[in-house]
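Peer 1: Fold the following, please.
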Amino acid sequence: MIPGKTYTPQDVIEAAWRLRAWIAVPFMILALATLAVVMSLSRSYQSVATLQVVTDPATDAYVRTAARTQVADRISSIGQATLTRSRLEAIIRDLDLYPERQPSTVTENVIERMRSEITFKSTDRDVFVLGFTANDPQVAFAVATRLTSLFLEENARDRGQRADATTLFLDSQVADVRRKLDEQEQQLEAYRAKYAGELPSQLAFSVQEVNNSQNTVRTLLEAVSRDQDQKLLLQRQLEAAQASSAPVLTGVGLGATAGQLGGGASQLDIARASLKDLELRLTPEHPDVQRMKRVIATLERQESGRDNGAAANSAARQRDPRLVEVRGQIENLDRRIAGNQEEVRRLRARIDDYTRRVTAAPRRESELATLSRDYEDTKKLYSSLTAKQQEASMAASLERKDLGERFRVIAQAQLPEKASSQSRTSQLIIGLLVALGVSLSLAAAVEYRDSSMRTENDIAVGLRLPVLAAIPDLQSPMSGRSR
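Peer 2: Next comes the predicted model:
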């Protein structure tokens, strides 16, 4: 090829004519080789079955099938379980596939070869094809039919196992949650029994009891105060009545001191107390001490002489109706005061107890809220699991009756009537086109390496010199050869 030369279509045609031998000879060789290869190739036949995932709409609306998963995952999982080595070996032996293998063994290479000849793919969301390719149409049909049957059997078995496994799992979960729910119920009952009266639901009652008890205590204290005042009044009336009916004793020789001591037996006691006081401050010979001793002696004589008359006067006073009535009223008041005071003590203890309950209510509310929240969560979980358990049980029953999600064959595998691979004519045409391309490429390579100059333009481009003269191609009329 001359550097810098631009080929025109005319140049290309002239080069192809000049290199026609480089094009024709390789083309013929490659064409013959293509023909030989095409004629030696064997034909392959493919038999395919089409399956679809179907579900009964009424059943699907009633219960969700426990064995349901994503369709693509289901197909892939069942396909892997169907195309196991043991099942493929059984098909190879039963149908006597691959006669070139050893009769007693099936090598891994044979298994891999069979897997490569199996067609298993999805064509739509819930539709997929399953087929087999072989040199014999009868073999392709038999293997495709066998694979379809295995696939349907594996699907039915897989659905049943999934449904049963789901049911067993939910049964165990429901039992565990039920035990937990019973334990929490017992904890709640024990808590309510232990802290009865301190629960949040009883707070209003406790507050009302405190208020009622406080009001009752105030009423009782007012009654006790009134009764004590009345008792004091009655005691004064009794003392006045007793004083008006008692004899008056004169403190002879007592002087100012005897007048201050008053009358009755109390004068003797007071005189004795005064003597003790004087003896502490004065000597025994002091005139005041001697005078107080004489007053005491006089009072003692009066006391002893008065005992008989006092007894008679006391009996008379005891029989006085007015005094008996007053004493009865005082005794009634004492009993009523004691009863009211006892009731006040009881009510104050009750107030303290209910006040403690009111104070403990917020803490009990927090603890009870935690227990109740855990119980409600467990109860909701139990309800949910129970519903799922019922659905799983129904789904398992449907799967056993083949009413759940299943695979349906919408196109059975057929005996192939023509080869699935390309026809020999198309293969031969492709081979010839390849041979022509190789031949043209070889001629182009020869032209690329040829730097001969054949025209004035080649000289001008290759040497970059002007052409001064050109010798025409002269031919002899006799010989037809150029000179």
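
Peer 1: Mind telling me what element L415 is part of?
Peer 2: Under the criterion of DSSP states H and E, L415 resides outside all helices and strands.

Peer 1: which residue sits closest to it in space, ignoring its chain neighbours?
Peer 2: Closest residue in space to L415, ignoring its immediate chain neighbours: F141 at 4.5 Å, by C-beta to C-beta, 6 or more residues apart in numbering. (C-beta placed from N, C-alpha, C; glycine too.)

Peer 1: same thing with V217?
Peer 2: In space, and not counting its chain neighbours, V217 is closest to L347: 5.0 Å by C-beta to C-beta, 6+ apart.

Peer 1: Look at the one you found and say how many residues are nearby.
Peer 2: By other C-beta atoms under 10 Å, the residues close to L347 number 17.

Peer 1: May I have the predicted confidence score for it?
Peer 2: For L347, the pLDDT comes out at 90.

Peer 1: Equivalent analysis for E279, please.
Peer 2: Reported pLDDT for E279: 78.

Peer 1: Restrict stretch 445-452 to CA atoms and write it as PDB.
Peer 2: Output of stretch 445-452 as PDB, limited to C-alpha atoms (Å, rounded to 0.1, in the frame of the first residue of the first chain):
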ATOM      1  CA  ALA A 445      -3.800  -7.900   3.700                       C
ATOM      2  CA  VAL A 446      -1.800  -8.700   0.500                       C
ATOM      3  CA  GLU A 447      -2.800  -5.300  -1.000                       C
ATOM      4  CA  TYR A 448      -1.800  -3.600   2.200                       C
ATOM      5  CA  ARG A 449       1.700  -5.000   1.900                       C
ATOM      6  CA  ASP A 450       2.100  -4.300  -1.800                       C
ATOM      7  CA  SER A 451       3.800  -0.900  -2.500                       C
ATOM      8  CA  SER A 452       3.900  -1.100  -6.300                       C
END
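
Peer 1: buried ones in it?
Peer 2: Across stretch 445-452, burial judged by 16 or more other C-beta atoms under 10 Å covers E447.

Peer 1: And the helices in this protein, which stretches?
Peer 2: Using DSSP state H, the helices assigned to the chain run over residues 9-18, 20-40, 57-62, 71-82, 85-95, 108-117, 137-194, 203-244, 255-261, 265-281, 287-318, 321-400, 424-449, 456-463.

Peer 1: mind putting those in JSON lines, distance to Q412 included?
Peer 2: Listed next are the helices of the chain as JSON lines, based on distance: least, C-beta to C-beta, whole Å:
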{"stretch": "helix 9-18", "distance to Q412": "56"}
{"stretch": "helix 20-40", "distance to Q412": "33"}
{"stretch": "helix 57-62", "distance to Q412": "25"}
{"stretch": "helix 71-82", "distance to Q412": "17"}
{"stretch": "helix 85-95", "distance to Q412": "18"}
{"stretch": "helix 108-117", "distance to Q412": "20"}
{"stretch": "helix 137-194", "distance to Q412": "8"}
{"stretch": "helix 203-244", "distance to Q412": "77"}
{"stretch": "helix 255-261", "distance to Q412": "141"}
{"stretch": "helix 265-281", "distance to Q412": "136"}
{"stretch": "helix 287-318", "distance to Q412": "131"}
{"stretch": "helix 321-400", "distance to Q412": "24"}
{"stretch": "helix 424-449", "distance to Q412": "29"}
{"stretch": "helix 456-463", "distance to Q412": "71"}
